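Chemist: The following block contains a protein sequence and its predicted model.
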Amino acid sequence: MNNNFTAEIVIGLEIHVQLNTKTKLFCGCPSQGSSEPNTRCCPICLGHPGSRPVLNKEALQLAAKFCLAVHSNLASQLIFSRKSYFYPDMSKNFQITQFEEPLGAGGKIFLKSGKEIGLIRAHLEEDPASLSYPLSMKQSSYCLIDYNRSGNPLIEIVTRPELASPEEARDFLNQLISILTYLKIFDVNNGIIKADANISIRESGYIRVEIKNITGFKELEAALISEIARQKQLASEGKKIQQETRGWDSNTNTTHLMRTKETEADYGYIIEPDLPIIDIDTEFKEKLQLEIPELAQEKIKRYIRTYQLDPVDAEVMAMELELAELFEKVIAQVKPQLAAKWMRKELLRVLNYNKKSIRDLKFNELELIELLTLIEHHKISDTTAQKIIEELMVKAFSPKEYVAKNKLEQISDDSELRQFCRKIISENKTAVEDYKSGNDKSLNFLVGQVMKLSKGKASPQMVSELMKEIIK
């Protein structure tokens with residue numbers, strides 16, 4: 001552990017990520033599909049007497065790939081245990097997980113700031129069932145159980161208590177999601193990711209409180225802010241903070257007591273007798289290591305070093321796999337700095353406005369290259385380019401043909417632009433004199449008048465330079 005116990009706030013996360021497999025961890029039931037309750041389950045995932053689990057090899061490969069990507073020490077043997085507890089989300093009254101030796105020990109993930117967050121462990125386990133309450137958990141007199149989710153493969157990732165704020169916790173999840181999507185082991189659209197957060201504050205002597213099953217990055221940040229405020233309020237009143245487990249109610253933005261905190265001994269872990277111990281050999285590790293791609297953090301450094309991108313542009317281009325792949329296709333024919341600028345500011349602007357993701361684009365890199373080439377060669381104005389990107393969100397077409405058909409090509413003829421500039425100068429003598437007196441805003445006004453005269457087809461950069469030259 002580092003020196004976080006000098007911090008005002010100490011946060012550790014336990015994150016459960018559903019692995020992107022077709023079937024469950026120990027049976028052949030589909031992990032995705034019918035949403036009709038209790039239609040994707042069998043005697044194995046329900047734990048009926050006489051049923052025997054069989055390990056999903058793909059789940060092991062995906063989890064091991066994550067461990068290698070974050071520099072965890074991969075175990076030499078895969079050992080499963082039974083975690084005993086009496087609760088309706090596990091009909092057999094135990095969960096198959098790992099306890100004695102995790103699949104991956106140690107590791108690290110870097111925040112956007114460069115701060116390193118250490119990992120304690122990463123291990124495989126099965127997902128419990130889904131509980132549904134007609135009202136809130138506290139107000140409902142009963143709950144409904146859907147075992148469709150029971151048995152889905154999870155990797156649980158446990159951080160060291162090295163996060164010092166809700167903002168850092170949210171950033172950690174962003175970095176984690178980036179790694180998971182780059183490795184293609186998590187389905188962002190359909191997969192489930194949940195977090196348990198352990199929070200303590202200096203005023204309490206770092207008495208740890210756990211918040212269970214928080215879904216969503218904004219929800220995690222909100223839950224942490226709320227719980228920190230609650231603890232600080234209790235401390236200011238001289239009240240003792242108890243070690244306990246609390247739930248999060250997003251409707252009221254408050255946490256509530258669920259139970260006093262269990263210890264590991266309360267779960268009565270035993271080695272799972274129905275699953276053999278599996279050796280993880282060097283060949284298995286080496287094969288998976290070759291499948292690990294360049295991750296976002298490495299891409300950011302390469303983009304800055306190789307293409308001299310602005311750090312913010314580099315980060316935006318690299319953090320999302322699909323955007324990074326599109327960017328690298330585009331820069332094969334377009335200047336990287338121009339591509340990054342337009343993709344970050346305009347492409348993402350249009351996507352956000354339409355509430356779409358990069359996966360929803362109607363066009364591909366060919367249309368984007370064509371558009372950016374027109375911009376690069378000063379064939380169209382920025383305004384025209386912005387309108388074309390908006391149109392491309394509706395349907396794919398050739399930007400070059402669109403510009404020719406609608407006569408949108410930018411005026412770059414020097415003599416024609418000089419005529420426009422002289423006309424505007426002669427009609428706006430006061431603005432010219434203001435500019436000569438040092439008022440730069442007057443130049444912007446003059447350039448704007450030329451843009452109107454040219455119906456937006458003039459190059460603002462060329463007009464500005466010509467204006468300065470003629471006035472001088």
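Modeler: Nice, I can see it. Residues are numbered from 1 along each chain as shown.

Chemist: what lines up beside the helix or strand bottoming out on mean pLDDT in the chain in the sheet?
Modeler: Comparing every helix and strand of the chain by mean pLDDT, DSSP states H and E singles out strand 254-260 as the least confident one, with a mean of 86. Sheet neighbours of strand 254-260, with direction, are listed as strand 244-249 (antiparallel) (DSSP bridges).

Chemist: now the strand it pairs with: mean pLDDT?
Modeler: Regarding strand 244-249, the rounded mean pLDDT is 91.

Chemist: Other residues contacting it?
Modeler: Contact with strand 244-249 is made by 136-138, 209-214, 219, 223, 226-227, 255-262, as judged by C-beta atoms under 8 Å, 6 or more residues apart in numbering. Yep, even glycine has a C-beta here, placed from its N, CA and C like the rest.

Chemist: Can you select the buried ones among those residues for me in PyMOL?
Modeler: Selection of the buried residues among those in PyMOL, burial being defined by 16 or more other C-beta atoms under 10 Å:
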select buried, resi 209+210+211+212+214+219+223+226+227+255+258+261
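
Chemist: Check the contact between Met258 and Val209; I expect there is one.
Modeler: No: the pair Met258 and Val209 does not pass the contact test of C-beta atoms under 8 Å, sitting 10.9 Å apart.

Chemist: So which residues of the stretch 351-472 of the chain form helices?
Modeler: Counting by DSSP state H, counting those that start in this stretch, the stretch 351-472 of the chain has these helices, from start to end: 365-376, 382-392, 399-405, 414-427, 429-436, 440-453, 460-471.

Chemist: next one: the last one to chain centre, how far?
Modeler: When distances are taken as C-alpha atoms, centre = their mean, to the nearest Å, helix 460-471 is centred 44 Å away from the chain's centroid.

Chemist: just the angle between that helix and helix 440-453, please?
Modeler: Direction vectors for helix 460-471 and helix 440-453, defined by axes from the mean of the first three to the mean of the last three C-alpha atoms, to 10 degrees, enclose an angle of 120 degrees.

Chemist: what does the fourth one give?
Modeler: Angle of helix 414-427 versus helix 440-453, following the same axes, to 10 degrees, is 120 degrees.

Chemist: what's helix 414-427 packed up against?
Modeler: Helix 414-427 sits against helix 440-453, helix 460-471, with contacts defined as 3 or more C-beta pairs under 8 Å, 6 or more residues apart in numbering; DSSP states H and E.

Chemist: Just the C-alpha atoms of that helix, please, in PDB.
Modeler: Listed next in PDB are the C-alpha coordinates belonging to helix 414-427 (Å, rounded to 0.1, in the frame of the first residue of the first chain):
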ATOM      1  CA  ASP A 414      -6.200  35.700 -55.600                       C
ATOM      2  CA  SER A 415      -7.500  38.300 -58.100                       C
ATOM      3  CA  GLU A 416     -11.200  37.700 -57.300                       C
ATOM      4  CA  LEU A 417     -10.600  37.800 -53.600                       C
ATOM      5  CA  ARG A 418      -8.700  41.100 -53.900                       C
ATOM      6  CA  GLN A 419     -11.700  42.600 -55.700                       C
ATOM      7  CA  PHE A 420     -14.000  41.500 -52.800                       C
ATOM      8  CA  CYS A 421     -11.500  42.900 -50.300                       C
ATOM      9  CA  ARG A 422     -11.200  46.300 -52.000                       C
ATOM     10  CA  LYS A 423     -15.000  46.700 -52.300                       C
ATOM     11  CA  ILE A 424     -15.500  46.000 -48.600                       C
ATOM     12  CA  ILE A 425     -12.600  48.300 -47.600                       C
ATOM     13  CA  SER A 426     -14.100  51.200 -49.700                       C
ATOM     14  CA  GLU A 427     -17.500  50.600 -48.100                       C
END
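
Chemist: Tell me where the model's unsure across this protein.
Modeler: Scanning the chain for pLDDT under 70 picks out the ranges 1-6, 261-263, 265.

Chemist: mind giving me the domain split of it?
Modeler: Partitioning the chain according to automatic domain parsing yields domains covering residues 4-287, 296-405, 414-471.

Chemist: Okay, now the second one: how far is its last residue from its first?
Modeler: Taking C-alpha to C-alpha, to the nearest Å, the span from the opening residue of domain 296-405 to its closing residue is 40 Å.

Chemist: same question, stretch 131-142
Modeler: Its start and end residues considered, stretch 131-142 measures 10 Å (C-alpha to C-alpha).

Chemist: I would like the residues contacting it, please.
Modeler: Residues outside stretch 131-142 that contact it (C-beta under 8 Å, 6+ apart): Pro88, Asp89, Cys143, Leu144, Ile145, Asp146, Gly247, Asp249, Asn251, His256.

Chemist: Count the residues that sit near the second one.
Modeler: Spelled out, it's Asp89. Neighbour count of Asp89, defined by other C-beta atoms under 10 Å: 17.

Chemist: which ones are touching it?
Modeler: Under the criterion of C-beta under 8 Å, 6+ apart, the neighbours of Asp89 are Pro128, Ala129, Ser130, Leu131, Ile145, Ser150.

Chemist: Which ones among these lie within strands?
Modeler: When DSSP state E defines the strands, the subset of the contacts of Asp89 inside them is Ser130, Leu131, Ile145.

Chemist: any idea how far Gln233 is from the spatially closest residue to Ile207 that is not a sequence neighbour?
Modeler: Of all residues beyond its chain neighbours, the one nearest Ile207 is Ile241 (4.7 Å), with distances taken as C-beta to C-beta, 6 or more residues apart in numbering. Counting by C-beta to C-beta, to the nearest Å, the gap from Ile241 to Gln233 is 10 Å.

Chemist: Next, please give the residue ranges for the helices of the stretch 101-250 of the chain.
Modeler: In order along the chain, the stretch 101-250 of the chain carries the following helices (DSSP H, counting those that start in this stretch): 166-183, 217-236.

Chemist: Can you tell me which of these is packed in deepest?
Modeler: Across the helices of the stretch 101-250 of the chain, the average number of neighbours (mean count of other C-beta atoms under 10 Å) peaks for helix 166-183, which reaches a mean of 20.

Chemist: What angle do helix 217-236 and that helix make with each other?
Modeler: Between the axes of helix 166-183 and helix 217-236, defined by the same axes, to 10 degrees, the angle is 150 degrees.

Chemist: Quick one: list the elements packing against helix 166-183.
Modeler: strand 9-18, helix 57-69, strand 108-110, strand 193-201, helix 217-236, helix 296-307, helix 321-330.

Chemist: what's the spacing between Val394 and Arg246?
Modeler: As it turns out, when the distance is counted by C-beta to C-beta, Val394 lies 47 Å from Arg246.

Chemist: Right, I'll leave it there.
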